[in-house]
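1. Quick one, structure for this:
(one chain, ligands or ions: 1)
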Amino acid sequence: MNIYDIISRKRDGFALTEEELRFVARCAARGKSDGGDAAENGADDSQLSALLMAIYLNGMTDEETALLTDAMAHSGDMLDLSRFGTLSADKHSTGGVGDKTSLIVAPICASLGVKMAKMSGRGLGHTGGTVDKLESIPGCRTALSEEEFLSQVERVGVAVVGQTADLAPADKKLYSLRDHTATVGCIPLIVSSIMSKKLAAGAKNIVLDVKYGSGAFMKTPEKAEELATKMVNIGKACGRNVAAVLTDMDTPLGTNIGNSLEVMEAADVLKYNVASDLSEVSFTLAAHIVSLTYGMPFDDAMAHVKDTVSSGAAFAKMKEWIAAQGGDASCLEDPSRFPQAAAAADVISDKGGFLAHMDAEAVGLASVALGAGRTVKDGPVDHAAGIVLRKKTGDRVVPGDVLCTLYTNKTEAVAQASERFLSALTFAEEPPVPQPLILKSIN
Ligand code: URA
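-> Below you'll find the model as predicted:
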């Protein structure tokens, strides 16, 4: 078997065999850039990139996608969560702007007895990542040993860590090549990337938040549904309970974008239990996890979710979780204890009318420009930077209104971020037709 023949066959539109796909995952897991020898490992980065482009252009059958997912999941460690029986659960979002739902969903579910054992990512492009958000809490650690992770899940009911180098290493390599070769937006590659990590992370119950719209990788509900259906089918074929929820990411979720700003907003949802787009999506995802884990009807699960939030149990669990990971949980009670940005600048509207659309990707990029995301691989992020929206899609605006406040430690970035933010907005004389926030669930 050699990679040249595999690339040629995919270039010519053939379906790859199980043996070929396992060979590819093995090569990716031991790539040249990890210090191995290209010839010895069977494929170098240029060959893997060529194969990714051939897959991007010619696609993969459902069977190939499932085989590649399984091969990538087994390319490194498989976490054993069997000690939690059927109670282990994980949640994954395909990525968005202002998407801090994991910070809300995880403690809600843990407060109801679910064992939330979650591996999360860092920000990617215009989208944020839970690991960066957690690290904005002074002292909070996201690199726990496997034993620390498992014993925290056992004791507290929730632990969230970054992906370890040993978990699905084939995805790590292929994802970074895709990022550089314009091959990210390919459904079979996204399915195998996400599901290989979820399967390797070991949870019995998995809920996928598949986003569509301007701030999502899938721009249309149809594409999001195709992606969701394939991920659910693969997860079920591997013996997991899986549900997917299609949610709107055409406009940022909630009001706060940026790491510590998002933690503050997540804490507020659990503390004050005020209804918002953020609480609606978060409670729905949490109810799906509770429903899958306990095999209970969705409406009953939702009633439990609402009770645990209104009783304060979910907020108490959030503080216990953050403290267990070394974080200063007093920040959740008192946001002024977070390190504050040097500059706060209001963006003022010179237009009037209704805010008809807010392009989520452009707002995400404005937040990155302020320092909240990375512009170079593995670069630093400014945990205090970001945007607080003062107006949301559908709101009426009069000239002179504050549209948002920009927070940053790079004052020189304010003008560019403000311009980017304004370019994300469309005004109209009539209010926009409200769009559903949660389109459907698939399970
Ligand atoms: N998130 C992932 O982990 N992988 C993808 O391919 C896209 C989003």
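2. Where do the strands of the stretch 51-200 of the chain begin and end?
-> All strands of the stretch 51-200 of the chain, identified by DSSP state E, counting those that start in this stretch, fall at 88-93, 115-120, 158-162.
3. Tabulate the CA atom coordinates of the second one in PDB.
-> Taking Å, rounded to 0.1, in the frame of the first residue of the first chain, the C-alpha atoms of strand 115-120 are listed here in PDB:
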ATOM      1  CA  LYS A 115     -21.300  13.100  34.400                       C
ATOM      2  CA  MET A 116     -20.000  15.800  32.000                       C
ATOM      3  CA  ALA A 117     -16.600  14.700  30.800                       C
ATOM      4  CA  LYS A 118     -15.800  17.300  28.100                       C
ATOM      5  CA  MET A 119     -12.800  18.000  25.900                       C
ATOM      6  CA  SER A 120     -13.000  21.400  24.300                       C
END
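4. So out of everything in this protein, what residue is nearest the ligand?
-> Nearest residue of the chain to the ligand (CB to the nearest ligand atom) works out as Ser193 at 3.5 Å. Yep, even glycine has a C-beta here, placed from its N, CA and C like the rest.
5. Reformat the strands of the stretch 51-200 of the chain as TSV; add distance to Gln47 and mean neighbour count.
-> TSV is the format used below for the strands of the stretch 51-200 of the chain (distance: least, CB to CB, whole Å; neighbours: other CB atoms under 10 Å):
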stretch	distance to Gln47	mean neighbour count
strand 88-93	29	26
strand 115-120	29	25
strand 158-162	29	25
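6. Let me have the ones you listed in CSV, adding distance to the ligand and mean pLDDT as columns.
-> Shown next, in CSV, are the strands of the stretch 51-200 of the chain (distance: least, CB to the nearest ligand atom, whole Å; pLDDT from 0 to 100):
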stretch, distance to the ligand, mean pLDDT
strand 88-93, 8, 96
strand 115-120, 10, 95
strand 158-162, 13, 96
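7. which one of those strands lies closest to Asn233?
-> Closest approach to Asn233 among the strands of the stretch 51-200 of the chain (CB to CB): strand 88-93, 15.5 Å.
8. show me what contacts His74?
-> Residues in contact with His74 (CB atoms under 8 Å, 6 or more residues apart in numbering) are 25, 200.
9. From Ala28, how far off is it?
-> The gap separating His74 from Ala28 is 12 Å, by CB to CB, to the nearest Å.
10. what about Ala266, helix or strand, and which?
-> Assigned by DSSP states H and E, Ala266 belongs to helix 259-272.
11. which parts of the stretch 1-150 of the chain sit against the ligand?
-> For the stretch 1-150 of the chain, the residues found near the ligand under the criterion CB under 6 Å from any ligand atom are 94-95.
12. so where do the helices sit in the stretch 1-150 of the chain?
-> For the stretch 1-150 of the chain, the helices defined by DSSP state H, counting those that start in this stretch occupy 3-11, 18-29, 38-41, 45-58, 62-73, 101-111, 130-135, 146-156.
13. tell me the most buried of the ones you listed?
-> helix 101-111 (a mean of 28; mean count of other CB atoms under 10 Å).
14. by contact count, what packs against it?
-> Using 3 or more CB pairs under 8 Å, 6 or more residues apart in numbering; DSSP states H and E, the elements in contact with helix 101-111 are strand 88-93, strand 115-120, helix 130-135, strand 158-162, helix 259-272, helix 277-294, helix 298-310, helix 313-324.
15. Between strand 115-120 and it, find me the angle.
-> Here helix 101-111 points in a direction 160 degrees away from that of strand 115-120 (axes from the mean of the first three to the mean of the last three CA atoms, to 10 degrees).
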